[in-house]
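**Student:** I'll drop the sequence and a predicted model, then ask my questions.
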Amino acid sequence: FDQLLTMGHYNDLDLVLPTLQLRLDYLPGTVVAFSSKLLVHSVGETNGDRACITWYMQDKVHWAMNIGECRY
């Protein structure tokens, strides 16, 4: 899974997950976790400053922890 943390000074921004037909408020300080291999996602434009920090969980982590990898 991937985790996204958005920060900055802005408002009126959505995280869009079209596969699930979801449009979520994506305000500063929001953290979301999902598989970017499974779900296409997008974020629109906004006025203000914005940064996104992303953590990726690689398959090697699953192997090292003896957890079955996801089948896509």
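**Tutor:** Received the coordinates, thanks.

**Student:** check contacts around the nearest residue to residue 7 once chain neighbours are set aside.
**Tutor:** Among residues not flanking residue 7 along the chain, residue 51 sits closest, at 5.1 Å (Cβ to Cβ, 6 or more residues apart in numbering). Where C-beta positions appear, they are placed from N, C-alpha and C, glycine not excepted. Residues counted as contacts of residue 51 (Cβ atoms under 8 Å, 6 or more residues apart in numbering) are 6, 7, 8.

**Student:** swap in 10 Å and give it another go.
**Tutor:** Neighbouring residues of residue 51 by Cβ atoms under 10 Å, 6 or more residues apart in numbering: 5, 6, 7, 8, 28.

**Student:** repeat for residue 10
**Tutor:** So residue 10 contacts 26, 27, 28, 45, 46, 47, 48, 49, 50 (Cβ under 10 Å, 6+ apart).

**Student:** again, but for residue 36
**Tutor:** Residue 36 sits next to 1, 2, 4, 54, 56 when contact means Cβ under 10 Å, 6+ apart.

**Student:** buried among those? Make that a ChimeraX selection.
**Tutor:** Buried residues among the contacts of residue 36 (16 or more other Cβ atoms under 10 Å), as a ChimeraX selection:
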select :4
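
**Student:** which ones among the contacts of residue 36 lie within strands?
**Tutor:** 2, 4, 54, 56 (DSSP state E).

**Student:** what about the chain, any weak spots by pLDDT?
**Tutor:** Low-confidence segments of the chain (pLDDT under 70): 62, 67-72.

**Student:** what are the ranges of the helices in it?
**Tutor:** Residue ranges of the helices in the chain, as given by DSSP state H, are 59-64.

**Student:** return the residue of it that is most distant from the centre.
**Tutor:** Distance from the C-alpha centroid of the chain, by Cα atoms, centre = their mean, peaks at residue 66 (24.5 Å).

**Student:** that residue and residue 40, how far apart?
**Tutor:** Using Cβ to Cβ, to the nearest Å, we find residue 66 at a distance of 30 Å from residue 40.

**Student:** ok, now residue 61?
**Tutor:** Note on residue 61: its distance to residue 40, by Cβ to Cβ, is 23 Å.
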